[in-house]
Structure formats: structure tokens, C-alpha cells
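Q: pasting the structure only:
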């Protein structure tokens, strides 16, 4: 395994941020790391990368103990933190040369040329970092994380600030990197998880509450509930549950449109009921459980 986390715990003052969490990451997989704000995602990533020490537990990076031999362990890690720290007065190439100096890279100029092309900075490398858009600053952050060709990539919100075309490019880059490296990716963009992640870890209140591939997670939630969308010609003025006790939740999603959560397939009975009440049904369909529904269900 590239990353092995065993029983990690961390407190800030009297607040227990991480509660004895454990998981493993293997080579060649992209793992989405999800959780609400304050759940412990960034703290976990900082511990994996050696920026923070846990109060208890073990961290192994490519067979090296991070707590016992942090310098050797960190050589295998590329890290893009949530708040991308950059020297704004340095030119892009100058900054990457500066970072390359920490890793004693052979032929740093050639490596920097490769990484500039790989991260889409070819037209921007002659500029000062302070002159770049937020999206291109993220690319510089990715470039510094990749400069030493690490085996493990820890990316905390890597697509923040990117426009749609840049999102596609960076996602493709991460997908390609994931073929040979271990990638742990923190994000709030659920479509990103569906698009590139092989596996999902969900953390809530300092505990890992799910560890499955996206499809398995969706199936798990779908077994316990079904989702439907109904659009009518006028507002429904009665209480749905009076007629259908198996309905657990109704949410208005637009003018005369409703999202219904139920324990069984109620479409046939719902159709008969609504038409008998004089409603015209414009839409009545079952919805697929999405990763966003799973996240809300598990963390609410």
C-alpha cells in the first residue's frame, strides 16, 4: 500500500477533530475524500503529509514511517493544500526552479519544461505568479506538487477557481496521474467525484463513515429509499403522507414541482390518486440516486 493510516487521533484544545480513523490507499487509484466543513479532511491531509503530528496513531508512506522518518517519507509526497501558498513576486519558472532545488532534481530545467507543458502553463510561465488568474495559480500549485515526480499526490480542493474548460483539463491530468500514482483528492464538487474517482472516503465529525466506490455508495442508499420527481399543473395543497404513509420526505424543487422520497415504488398509486383529485401530471419519474444524495444522507 502507498498510504497506510492506522488509528489516527487529533485534538485541538478540548475538541477531538479525528477519532481513531484508519484507511489504506493503493497505487493506481484516485480516492475522493469528502466531508462537510469541519469534518476533519484538511487535518487528515496535513497529518498524511507530515505538516501536523497526530496525537495517536501511525502514518506509513510507501513503507516509510512518517513519524519516525519524515524527510524520507515526504520525498514520496506531492501536496497541494487548500489555500495554495505561492510567492506572488516570483515568475512561474523561477518559482518552480526554487521548488526543484529542495528535491535535488537532476536536469531541473528539463523537468520544469515537462511540468509546465503537463499542467498547461506554457503560455503563462513568463509571468509573475501575482499576475495570474486564480485558475492558473492552481496550476502552478499542481506543478510544484508534481515537480519531483512523487508516488503519492495529496490534493486539497485542486479545482477551486477553475473555469469549465480548465476543469476538464485538470481532471484529465489527474486521471492520467492516477494511473501510476496514488491520488487522494478532497473536493466539494460531486460531479468531480463521479468523473474521476475510483473510490470514495466520507468523513463526518472526525470519523470515517463510508469507504466504497461511488456506484456501491449509490446502491447502498437506493436500497433504503426511492426518489421520485412530480410536476403538476397546479400547486398540491394537501399533505402527501396522509395518503401515502411510506413517503418520508417531500421537497419543493420549483413551481408545482416536487421531489418525493419513499420506501417503495409509489408511481402507479400516485398517478391514480393525483388524477382522481383533478391534477394534470406533467412529469412523474423515478430519479437515480446520485453521489450528492448519498453525501447528504450519510452526513445529515
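A: In hand now; what should we look at? These figures come from a predicted structure and were not determined experimentally. Residues are numbered from 1 along each chain as shown.

Q: now the helices for the stretch 101-250 of the chain?
A: Listed in chain order, the helices found in the stretch 101-250 of the chain under DSSP state H, counting those that start in this stretch are 108-118, 134-146, 164-177, 190-196, 214-222, 240-243.

Q: highest average neighbour count across those?
A: Each of the helices of the stretch 101-250 of the chain was scored by mean neighbour count; the highest is helix 134-146, a mean of 22, by mean count of other CB atoms under 10 Å. Glycine gets a C-beta too; all of them are placed from N, C-alpha and C.

Q: got the angle between that one and helix 164-177?
A: Taking axes from the mean of the first three to the mean of the last three CA atoms, to 10 degrees, one finds that helix 134-146 is oriented at 10 degrees with respect to helix 164-177.

Q: residues in contact with the nearest residue to residue 96 once chain neighbours are set aside?
A: Excluding the flanking residues, the one nearest residue 96 by CB to CB, 6 or more residues apart in numbering is residue 112, at 4.8 Å. For residue 112, the set of contacting residues under the criterion of CB atoms under 8 Å, 6 or more residues apart in numbering consists of 93, 96-97, 100, 147.

Q: Compare those and tell me which is most surrounded.
A: Of the contacts of residue 112, residue 96 is surrounded by the most neighbours, 26 neighbours in total, counting by other CB atoms under 10 Å.

Q: for it, what are its contacts?
A: 112, 115-116, 140, 143-144, 147.

Q: Outline the domain layout of this protein.
A: Segmentation of the chain into domains, based on automatic domain parsing, reads 3-213, 220-299.

Q: Can you tell me which of the helices of the stretch 101-250 of the chain has the worst average pLDDT?
A: Per-segment mean pLDDT for the helices of the stretch 101-250 of the chain reaches its minimum on helix 214-222, at a mean of 65.

Q: quick one, strands of the stretch 51-200 of the chain?
A: With DSSP state E, counting those that start in this stretch as the criterion, the stretch 51-200 of the chain has strands at 56-61, 64-65, 77-80, 152-156, 182-186, 199-204.

Q: so which of the ones you listed is the most packed in?
A: Sorting these by mean neighbours (by mean count of other CB under 10 Å), the first place falls to strand 182-186, with a mean of 25.

Q: ok, residues contacting that strand?
A: When contacts are taken as CB under 8 Å, 6+ apart, the neighbours of strand 182-186 outside the stretch itself are 2-3, 25-34, 41-42, 45, 48, 82, 151-158, 174, 177, 192, 196-197.
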